Structure formats: C-alpha cells, structure tokens
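1. I need the structure of the sequence given here:
(2 chains)
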Amino acid sequence: MVDPTIGVGNIAGKAPLMGTEPRPATLSRMRILVTVKFVPDLQSQRSFTEGAVTRTGDDGTMNELDENAVEAALQLKEAAGEGEVYALTVGGDDAVAAVRKALQLGVDHAIHVSDAAIAGSDVFGTAKVIAAAVRKVHDEAPLDLVVTGMAALDGLTSMLPTALAAELDWSQLTLASGLTVEDGTATIVRHLPDAHETVAAPLPAVVSVTDEANKPRYPNFKLIMAARSKPVTTWTLADLGISPEAVGLGAARTVVVDASPRPPRENRVKVTDTGDAGTQLADFLIERGLA
Amino acid sequence: MSTVAVLVETRGGEATQPTHEAITLARTLGTPVAVWLGAAPDPAQNARLGIHGAAEVRVVPAADDARQPARAAAALAAATADADIVLMISTFVNKEIATRLALLTGAGVVVDAAGVELVDGRVETLQTVFAATWNVRTRIAAEKAIVAIRPNTTLASPAEETGAATTVVVDADLPEVSETIVAIEPVPAPEGVPLAEAPVVVSGGRGTNGDYTLVRELADVLGGAVGASRDATDEGWISHEHMVGQTGTTVTPALYVACGISGAVHHRGGMQASGTIVAVNIDPDAPIFEIADFGVVGDLGDVLPQAIARIHEHRAG
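-> Just a heads-up that it's a prediction; the model follows:
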C-alpha cells in the first residue's frame, strides 16, 4: 500500500519533496484554488428552513473536510517554493466565515461569490457558479489545480468535484488520499473498496482529497491576526457573466419538498454491568429476533 | 409501463445483493431493465436478475472503462436512452457516474436515497441527513431521474412474474478522457458479507485496544460483518475498508453493535439509521448511549463473552 503523500516532484512510492528541499529549476509557481463551503457546525442543532439547510453565522463554520483541501494546497505551494492559493466560497453573507477560516490557515487570497439569485441551486447550478469564478481567476493567470474536500458534512453527496471538472472540462482526479504534481501532471492514489488506483492526468485538474490525505494544520496566532486585515473579494453573478435564471431554485433539477427531524428512539434501555449484563444483552437480541 | 434501468454492481463476475434490491425497487416504478457494464454475464446471472424482475439485461462491453466515470456514464447513457429513471447503488464511484450521466442527459439526481416512489408522475426520494437525525423528501423536477440508492433499504424479493432477462448487447461510443489509470492494486475481498450490505454489523473502537477477537467472534455468531471507528483504523488496528462513518462506509443494517466506540458525530453519521443499535462501553457518558436502543456500561472482556455464550445456549435450546 502506498503511503498518503502530498508533494511536488514526487511520484507515489518515493519520498515526497517537501518545502525544505531546494526547489528544482523545472518547477514553476503553483497556483491553486480551493473551494470551501460554509456549513452548520457538526455539534450544533442542524436544521432545515424552507427546503434548504439553515446556515447562520452563529453556529456555522468551514466544512471540516475542506481543511484537508486547504492543507493539500498549502503543502503543494510550500513544496514548490512559491505560488498563490485562493480560497473560494459561494453563499450568503455568513458564508464569508468559510474563507476567513481559510485565510487563518494561510491561504493568500479569498473570494466570496454571493448573490440572492444563487439560493436554492442544485449541484449543477453551484458547479456553474464555481466554474465561472475559477475561469475568472484562471484568465488573470493560469491555475494549476482546483482542490476540493471529499464531501461537505451537511449534504455529503460528493458530487460537486465531478460536476465542476465536467463544467470546466478539466481533468478529474477525485478521492485522492495522496497527491503529487510533476511536469504538468497530477497523480493521485485513490482507495476504492475493491482496489487502490493510481490515476494521472494533465494540469489543470480538479482534485478532491479525502481525510486520509493529510493532517490539517491549526491556525496560529500570527495567521489569525493577519487574516483579519486581508481583503475578501466579493463577486456577484453579474461579475461572473451568469444570468440569474441559469442558477437558483428555478433552474434546480431537484427540490426538497419536506424535511423533518427524525423522532428519537423510544424505550431505550441502559444497564450498568453488575455481572449479568452480557446475558441481558443477549436476551434483548433474542427477544427482538436478532440473535 | 416506463423503463427503469438499474446499473448492475458486480463482484467476482456476479451481481451483488444490493443490485437485486434495486431491481426489486425498480418493479414498483416501472419495467426493470438491468444494465451490465463489462463482459457478458453467464446465464445463471441473467436468470437471477430475471427472478427479481429484469425484462432485459443490456450489456455494454466496456471492460476497465467502467472505472472512469465519464466513460461509464457514456456507456450507461447509450444503454438507457428510453429510461425515465436510472437506479444505481450509492457508492462513491457511482455518485461520480450519476453526476456525469446527469450532465449528458439533463436528468435530476439524488444520491444516498433510502427510498424512491412516484408521486403524481414525478420521482420523489427519501434520504436521511445530518448524521441521520433528519428525514428529507426530494422531488426530481427534471423529465429524467437518476437515483443512487443505499444498500439494505429494500428487501430483495422475487417478482410475481419472472422477467425474461433477455440479453441485449449495446454498442457505445466512449469519449476520450484526459485521465489515465496508471495502476490498479486489487484489495482482497473481505471474508463474508461486505460491510455496506451486511444485515448485522459489529464494530470495534478504541475500547478494543486493538484486539478484535471478541468483536469478530460476536460478528460470526450474529452472521454479521466487522466494522470499526476512525480511531481504530487510524491506529492501524484494522484496515480502512472496515471504517464506518461519514467518510468511510455508511451502513444501515437491521442490527448495529458498537463495542468500545464513544460515538463521535462522524461515526454516528455512518450508522445512526440502523434498525436496532446496541452499545457496550466502559464510559457511562459515551455519546453512543444517546442513540442506543440497548446500552451496557461495562467491560468488553466481560460483556461480550457472556453474551456470546448466552446466544449459543439459546440456540442449543
């Protein structure tokens, strides 16, 4: 089995070349955009409002799995020696908290796409908006990669990276537990239930990384202070040349028609073992026809 | 009756149990047609798909192309042009195929569904979200629907009228893709039922201290698969394939037994929709007890052997 590695100039199996190594002349600056999502905190009381996930600044945060994406991008930039990392989020006013968190972790630039017409978009509408924003950054100076998390811990659909790669017509390298970039090619290792695949593709590419890929850093005091004064670029649909009808609830192919909390389990039993709890457990299973 | 296509999931050349569940479900929505990507199945496979109701088995000779989402989606699109609904099993790979297929056909997609039904001629799905604490009903507004369904959410059953399961070979033009699969290292199939499909899952966490003997023994006695928490796979006590949780395998067995697992939200999200939940933990304040139908505060080394002995005794009559 190949160890998960993030690095530049490293092919799976060889030691990764990290930031402390001298930078090979062949490497250019790495320009990476990371998508981050604003989601309700996992520990909070999560809920739905009018068919959409309730997202408020009070108990919201950057999707935890996006920390792995930010970490992967930062490691690649550090290994290359120079470059830029952009964090991009789409959402209402509160969503800016997601890119603020990315700034605290050390990304260079933050972009917040916000427009009332985006509300209610399905994954294809969201991919359209993100793709337009990626192209706008890419047109200023070419990007090497877009890095995403493996899923958002609210919806968990994992569809966005694929939809985004298709929308951009870039290479798709998803569910990477290891990622290396060399000579214009990105190579990932992906752990599927039946096989471990090594997949390579030319840049630019959309890469999604799993929580096996790395251990995200914590923001330090210096970065937290610095993040406060860093500007966040805000774009609307008009800035991206997208008509409001192309996205949002009206264009969505799927609509949530009902959402309700599941009733709590009833008649729960909790016993403390005083010598016969194993027998009680077995009897419970036998009574329910489960053993 | 409209055509409902089901993407067949195979393992070792055989259609998996979740495939038969999906074909059973497809019968409630229209006429089931199985789509098989790869070398043509042997007659026994056709027969079993027919028993569950498949009218046709459409074979797209695609070999390893099926590993690339864009190519698999193109193969599937060629085989399902007449289908209003395409069902598949909700796996990470199939979610990618579903996304690509939707972009080819304009279909609406729901993944991780626990149920599908037709309401006023539209497809509606049921899912659980937020670590299975909420139920959500989604309507697919597009003309075509793609639904990725979780294993263990429909009971596979023979159709009243056996389907003909006629083999139809479909030619497909597969697109060139920029990604190259450089290497494929097969993962040995776990013994017994795969985790996602198992009717019973017995999982071990930090409380096992790395010793899975009792967890395996209880799983064997109950006819279940062995799962693990993230803590345990991170420690290297058991391989990642066993991890139950939001970033590992999501399971919905009839019975879930959590041994020495505290029940962090990431773990609960992967098992909270299970039928009956049993937890054994030395810590009375472990959050797993909040969702356990039967909880035991106690030592695994005392509780599990006693439970196993009692089950054996009960069976011996």
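
2. Where do the helices of the chain begin and end?
-> I went with chain A, as the question did not name one. With helices called from DSSP state H, chain A shows them at A:66-80, A:96-105, A:123-140, A:160-168, A:221-229, A:237-240, A:277-287.

3. not what I meant, chain B
-> B:17-26, B:43-51, B:69-79, B:92-105, B:213-222, B:230-234, B:265-268, B:300-316.

4. Turn those into CSV, including distance to chain A, mean pLDDT and mean neighbour count.
-> All C-beta atoms are positioned from the backbone trio N, CA, C, and that covers glycine. Below are the helices of chain B laid out as CSV (distance: least, Cβ to the nearest Cβ, whole Å; pLDDT from 0 to 100; neighbours: other Cβ atoms under 10 Å in any protein chain shown):
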stretch, distance to chain A, mean pLDDT, mean neighbour count
helix B:17-26, 12, 97, 25
helix B:43-51, 18, 96, 18
helix B:69-79, 6, 96, 24
helix B:92-105, 4, 96, 24
helix B:213-222, 6, 96, 19
helix B:230-234, 8, 92, 20
helix B:265-268, 5, 88, 22
helix B:300-316, 3, 96, 18
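
5. Quick one: closest of the ones you listed to residue B:200.
-> Nearest of the helices of chain B to residue B:200, taken as Cβ to Cβ: helix B:213-222 at 4.5 Å.

6. coming back round to it: so which of the helices of chain B comes closest to residue A:130?
-> Nearest of the helices of chain B (Cβ to Cβ): helix B:92-105, 13.9 Å.

7. Compute the distance between residue A:63 and chain B, please.
-> Distance, residue A:63 to chain B, by Cβ to the nearest Cβ, to the nearest Å: 11 Å.

8. That residue against residue A:153, yeah?
-> Yes. Counting by Cβ atoms under 8 Å, residue A:63 touches residue A:153, with 5.7 Å between them.

9. Overlap in contacts, those two.
-> Shared contacts of residue A:63 and residue A:153 (Cβ atoms under 8 Å, 6 or more residues apart in numbering or on different chains): residue A:39.

10. mean pLDDT lowest for which of the helices of chain A?
-> Note on the helices of chain A: helix A:221-229 shows the lowest mean pLDDT, a mean of 89.

11. Could you pull out the buried residues of that helix?
-> A:223, A:227 (16 or more other Cβ atoms under 10 Å in any protein chain shown).

12. which residues are in contact with it?
-> A:100, A:103-106, A:219.

13. top of those residues by neighbour count?
-> Highest neighbour count within the contacts of helix A:221-229, by other Cβ atoms under 10 Å in any protein chain shown: residue A:105, with 25 neighbours.

14. Does that one touch residue A:99 like I think?
-> No. Using Cβ under 8 Å, residue A:105 makes no contact with residue A:99, being 10.4 Å away.

15. can you put the helices of chain A in JSON lines and add distance to residue B:119?
-> JSON lines is the format used below for these (distance: least, Cβ to Cβ, whole Å):
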{"stretch": "helix A:66-80", "distance to residue B:119": "35"}
{"stretch": "helix A:96-105", "distance to residue B:119": "35"}
{"stretch": "helix A:123-140", "distance to residue B:119": "22"}
{"stretch": "helix A:160-168", "distance to residue B:119": "26"}
{"stretch": "helix A:221-229", "distance to residue B:119": "48"}
{"stretch": "helix A:237-240", "distance to residue B:119": "32"}
{"stretch": "helix A:277-287", "distance to residue B:119": "37"}
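
16. Tell me which residue lies nearest the centroid of chain A.
-> residue A:149 (2.5 Å; Cα atoms, centre = their mean).

17. so what's that residue closest to, chain neighbours aside?
-> Nearest in space to residue A:149, with sequence neighbours left out and distances taken as Cβ to Cβ, 6 or more residues apart in numbering or on different chains, is residue A:65 at 3.6 Å.

18. which residues touch that neighbour?
-> A:149-153, A:211, B:247.

19. Now for the closest residue in space to residue B:304 that isn't next to it in sequence: which residues touch it?
-> Leaving aside its chain neighbours, residue B:304 sits nearest to residue B:214 (4.2 Å; criterion: Cβ to Cβ, 6+ apart). Taking Cβ under 8 Å, 6+ apart, we find residue B:214 in contact with B:208, B:259, B:300-301, B:304-305, B:308.

20. One more pass at 10 Å, please.
-> Applying Cβ atoms under 10 Å, 6 or more residues apart in numbering or on different chains, one finds that residue B:214 lies in contact with B:202, B:204, B:208, B:259-260, B:280, B:300-301, B:303-305, B:307-308.

21. Kindly reformat those residues as a markdown table and extend each row with distance to residue B:67.
-> Output for those, formatted as a markdown table (distance: Cβ to Cβ, whole Å):
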| residue | distance to residue B:67 |
| --- | --- |
| B:202 | 31 |
| B:204 | 32 |
| B:208 | 34 |
| B:259 | 35 |
| B:260 | 37 |
| B:280 | 40 |
| B:300 | 40 |
| B:301 | 44 |
| B:303 | 43 |
| B:304 | 40 |
| B:305 | 44 |
| B:307 | 42 |
| B:308 | 41 |
